[in-house]
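*Asks:* here's a sequence, model it:
(chains A and B)
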Amino acid sequence: MASPVPVKEKKLMEVKLGELPGWILMQDFTPKGIAGAFQRGYYRYYNKYINVKKGGFAGISMVLAAYVLFNYCHSYKELKHERLRKYH
Amino acid sequence: SDGAPGPGHWDADAAAGGLVDLAVPGGAFSGRRAPCLKNPVLGPGVLQAIRIFHTRQPSLAPIPCVPEYGGKVCLGLIPKEFFQFLYPKTGVRGPYVLGTGLILYSLSKEIYVITAETFSAISTIGLLIYVVKKYGASIGEFADKLSEQKIAQLEEVKQASIQQIQDAIDTEKSQQALVQKRHYLFDVQRNNIAMALELTYRERLHRVYREVKNRLDYHISVQNMMRRKEQEHMINWVEKHVVQSISAQQEKETIAKCIAGLKLLAKKAPSQPVL
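*Replies:* Predicted coordinates:
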């Protein structure tokens, strides 16, 4: 498994499936690393969809959709009781 | 490491000069000397730096421009990259089929439960889509106009600053050009001074001449006066003695002779009319 590029520095899409657990474990889980990951993710999204000259609705709509989904998942426990049929 | 110092460097006056940099570990450990000028020829006023700062290329300049359009998004929700990701395996319709399948699955298994909120959500989203489709373009133009105004303002400031600096450069250049013409000024001054010197010289020469002539005239007039005085004195003296030498007797005889002679003359010329 001697690949020319060390596993740690590969991006997620380039990591082969067998190397995935190792790759996950090699990531930086210190508070600084986690904060850095959030910051990077935020700026990646921001610079791609919002910080442009002619942004569209898609920039915020994706955030809102994600929020909706998150809230739905969070309140699924209560919603389960309002199902129309018991057996699916 | 580049040979010539680029922008942002200290001018490393550095052939052999250097302040001992005690902050650098190598400098601190290699022989503690009292700080002194390595190159005493240049003197203490000249900065003698051996470390060159800012050698790397500045990585953030030029800053990349803000992109014109954002990432492409399909249906306002799903980025195009997802479609590209599925394209090799499933072709163009893959993601749509996947979406439809997921929706039907979640409905049928009641992972998504249809409640009263579903209808409010449908109407909200419908309204949102209607508003975006109808007024999206005009709102976009309005926002573009605002941002263009901001950019124009900043551009103006930048241009004004550039213009100012350009004017300063031109002024500086003209000043430098004037320096080339200083010799005219100096020539004029030199000419003035030469003329003034010449003037004073001639004035004094004339004065000298006048003074000398004055003194010589004085001596001449003294001489003339002496001679005149002597002449007059001699004449007076001669007259006095001559008059003294004429005795009374001689005077009477002379007067009688003159009268006799005049009488003779009167007799000789009585016929001539008196005019």
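*Asks:* chain center to whichever strand or helix holds B:Arg228: distance?
*Replies:* Using DSSP states H and E, B:Arg228 sits within helix B:182-245. What separates the centre of helix B:182-245 from the centre of its chain is 58 Å, taken as C-alpha atoms, centre = their mean, to the nearest Å.
*Asks:* which element follows it toward the C-terminus?
*Replies:* helix B:248-268.
*Asks:* near chain B, which residues of chain A?
*Replies:* Proximity of chain A to chain B, by C-beta under 8 Å from any C-beta of the partner chain, involves residues A:48-59, A:61-62, A:65, A:72, A:79-80, A:82-85, A:88. Just so you know, the C-beta spots here come from the backbone N, C-alpha and C atoms, and that holds for glycine as well.
*Asks:* among those residues, name the ones in helices.
*Replies:* Judged by DSSP state H, helices contain the following of those: A:58-59, A:61-62, A:65, A:72, A:79.
*Asks:* now the residue of the stretch 151-275 of chain B found nearest chain A: how far from A:Arg85?
*Replies:* In the stretch 151-275 of chain B, the residue that lies nearest chain A is B:Ile151 (9.4 Å; C-beta to the nearest C-beta). Distance, B:Ile151 to A:Arg85, using C-beta to C-beta, to the nearest Å: 58 Å.
*Asks:* compare the two (neighbour count), which wins?
*Replies:* It is B:Ile151, of B:Ile151 and A:Arg85, that has more neighbours when counted by other C-beta atoms under 10 Å in any protein chain shown, with 11 against 7.
*Asks:* any of the residues of chain A next to chain B buried? List them.
*Replies:* With burial judged by 16 or more other C-beta atoms under 10 Å in any protein chain shown, the buried subset of those is A:49, A:52, A:55-59, A:61-62, A:79.
*Asks:* among those residues, which one lies nearest to chain B?
*Replies:* Distances from chain B to those, taken by C-beta to the nearest C-beta, are shortest for A:Ala58, at 3.6 Å.
*Asks:* what about B:Glu155, how many residues nearby?
*Replies:* Neighbour count of B:Glu155, defined by other C-beta under 10 Å: 11.
*Asks:* before we move on, which element is it in?
*Replies:* Applying DSSP H and E, one finds B:Glu155 within helix B:116-180.
*Asks:* now do that helix, average pLDDT.
*Replies:* Across helix B:116-180, the average pLDDT comes to 93.
*Asks:* just how off-centre is that helix within its chain?
*Replies:* In terms of C-alpha atoms, centre = their mean, the centre of helix B:116-180 is found 38 Å from the chain centre.
*Asks:* and the angle for that helix with helix B:182-245?
*Replies:* Here the directions of helix B:116-180 and helix B:182-245 differ by 30 degrees (axes from the mean of the first three to the mean of the last three C-alpha atoms, to 10 degrees).
*Asks:* please name every helix or strand in contact with helix B:116-180.
*Replies:* Helix B:116-180 is packed against no helix or strand, with contacts defined by 3 or more C-beta pairs under 8 Å, 6 or more residues apart in numbering or on different chains; DSSP states H and E.
*Asks:* what separates B:Met228 from B:Val222, distance-wise?
*Replies:* Heads up, residue B:228 is Arg, not Met. 11 Å.
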